[in-house]
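*Asks:* Provide a 3D model corresponding to the input given below.
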Amino acid sequence: ATWYSEQHAYLLQSMGAIDMGGHSLLDESVVFFGSALSDPPSHRKESMPFLLAGGGGGLRAGRWVRYDGVSHNDLLVAILNLFGDGRQSFGTAEHCNGPLSNLV
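*Replies:* This is a model prediction of the structure:
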């Protein structure tokens, strides 16, 4: 896990260093970092932590946001919506209730 986190930090730092005319590439992007399982030995998928970095689509950074009892598909729909994609579901319909609120 440490190696992946170090690579993620390197990516974010590199994107932050690219000048796009007064703002960085990271300011225009959303970078998603997470795992497919919350607890690999048990294959649990509840309470999964994800990190979103950047400012693309108006993402409001620098906060800890908790959503109880929702699928990460709802997060993926919200990311699509940040960039103007109007879809209201992602993946299997039974695992998606629509986009999460409070990202911008």
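*Asks:* pLDDT score for the residue lying closest to residue 82 once chain neighbours are set aside?
*Replies:* For residue 82, the nearest residue in space outside its immediate sequence neighbours is residue 57; the separation is 2.8 Å by Cβ to Cβ, 6 or more residues apart in numbering. From N, CA and C alone the C-beta is placed, and that goes for glycine too. Confidence per residue is given as pLDDT, and for residue 57 that number is 95.
*Asks:* is residue 57 in a helix, a strand, or coil?
*Replies:* For residue 57, the secondary-structure state derived from DSSP: H, G, I helix; E, B strand; the rest coil is helix.
*Asks:* is it in contact with residue 83, as I believe?
*Replies:* Yes. Between residue 57 and residue 83 a contact is recorded at 4.9 Å, counting by Cβ atoms under 8 Å.
*Asks:* which neighbours do those two share?
*Replies:* A shared contact of residue 57 and residue 83, defined by Cβ atoms under 8 Å, 6 or more residues apart in numbering, is any residue touching both; here these are residue 30.
*Asks:* roughly how far apart are the residue nearest to residue 82 and residue 12?
*Replies:* Residue 57 sits 17 Å away from residue 12 when distances are taken as Cβ to Cβ, to the nearest Å.
*Asks:* if we can go back for a sec, who's more crowded, residue 57 and residue 83?
*Replies:* Shown here are residue 57 and residue 83; by other Cβ atoms under 10 Å, residue 57 has more neighbours (18 against 12).
*Asks:* so who does the more buried one touch?
*Replies:* For residue 57, the contacting residues are 30, 79, 81, 82, 83, 84, 104, by Cβ under 8 Å, 6+ apart.
*Asks:* ok, the fourth one - contacts?
*Replies:* By that I understand residue 82. Taking Cβ under 8 Å, 6+ apart, we find residue 82 in contact with 30, 56, 57, 58, 59, 103, 104.
*Asks:* 10 Å instead?
*Replies:* Residues in contact with residue 82 (Cβ atoms under 10 Å, 6 or more residues apart in numbering) are 30, 52, 54, 56, 57, 58, 59, 99, 103, 104.
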